[in-house]
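# Got a predicted structure plus its sequence, pasted below:
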Amino acid sequence: MGQAHAQLCDVRLHPERVINLHSDLELVAAMQGRLGIELAREHRPALILLDLHLPDIGGEEVLQELRRDPATAGVTIIVLSADATPGQVDRLLAGGASAYLTKPIDVLTLIQVLGESLRMEGSDTAERASSSS
C-alpha cells in the first residue's frame with residue numbers, strides 16, 4: 001500500500017520545484033484569492049501557501065475568510081510576501097497566519113517550514129483521531 005498524500009493549496013506562488021521534491025505532496029494551485037478559498041473548502045488541504053498580492057482580493061482578506069470558515073479555520077497557512085514591515089507581519093500572524101516568509105523566498109527556509117508545518121499537521125490529525133475513538 002502506498003503512502004498517503006498530503007494536499008497543499010497554493011495561492012499565487014509557483015513553488016512547483018520545491019513541492020516536486022516531496023513525492024508525498026500534491027499541489028493544488030489557485031491564481032486568485034476567491035478560487036483559493038473555494039479550493040481550500042473543497043480539498044481541505046493540510047497547508048496553504050498564501051501570497052498577499054492577488055489579482056482579485058487581497059491575501060489578508062483570504063486569510064480572514066479562511067479563518068472564519070469552520071471548514072478551513074484549522075488549516076496551516078503560510079503567508080508569502082515581499083512586504084516585511086513589522087506591523088504587517090505581526091498583524092497577519094495575529095490574524096491566524098502560522099508563518100510569514102518574505103520574498104524572495106529562501107528555498108531552504110521554505111522546505112524547513114513546510115516540513116515542520118506538515119509534521120505538526122500530522123500529529124494534530126493523529127491526536128484528533130485518537131481522541132475521537
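Yep, it's here.

# helix or strand for residue 49, which one?
Taking DSSP states H and E as the definition, one finds residue 49 inside strand 47-51.

# Going along the chain from that strand, find the next helix or strand for me.
helix 59-68.

# List the buried residues for that following helix?
59-60, 62-63, 65-67 (16 or more other CB atoms under 10 Å). The C-beta positions use only the backbone N, C-alpha and C, and glycine is treated the same way.

# what does that helix rub up against?
Residues outside helix 59-68 that contact it (CB atoms under 8 Å, 6 or more residues apart in numbering) are 11-12, 33, 36-37, 40, 48, 50-54, 72-73, 75, 77, 79, 81, 91-92, 95-97.

# In space, not sequence, find me the middle residue of this protein.
residue 48 (1.7 Å; CA atoms, centre = their mean).

# Show me the beta-bridge partners of that one.
For residue 48, the beta-bridge partners under DSSP bridges are residue 9, residue 77.

# and it, what pLDDT?
Residue 48 is assigned 94 on the pLDDT scale.

# how about the helices in the chain?
For the chain, applying DSSP state H gives helices covering 16-20, 33-43, 59-68, 86-94, 107-132.

# could you dump those helices to a markdown table with mean pLDDT and distance to residue 26?
Formatted as a markdown table, these follow (pLDDT from 0 to 100; distance: least, CB to CB, whole Å):
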| stretch | mean pLDDT | distance to residue 26 |
| --- | --- | --- |
| helix 16-20 | 66 | 8 |
| helix 33-43 | 96 | 9 |
| helix 59-68 | 97 | 19 |
| helix 86-94 | 95 | 26 |
| helix 107-132 | 68 | 12 |
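
# of all those helices, which lies closest to residue 27?
Closest to residue 27 of the helices of the chain, according to CB to CB: helix 16-20, at 4.7 Å.

# Tell me which residues touch residue 95, please.
Taking CB under 8 Å, 6+ apart as the test, what residue 95 contacts is 60, 63-64, 67.

# please redo it, this time with the cut-off set to 6 Å
residue 63 (CB atoms under 6 Å, 6 or more residues apart in numbering).

# now stretch 71-78, how far from the centre of its chain.
Taking the mean of its C-alpha atoms, stretch 71-78 sits 7 Å from the chain's own mean (CA atoms, centre = their mean, to the nearest Å).
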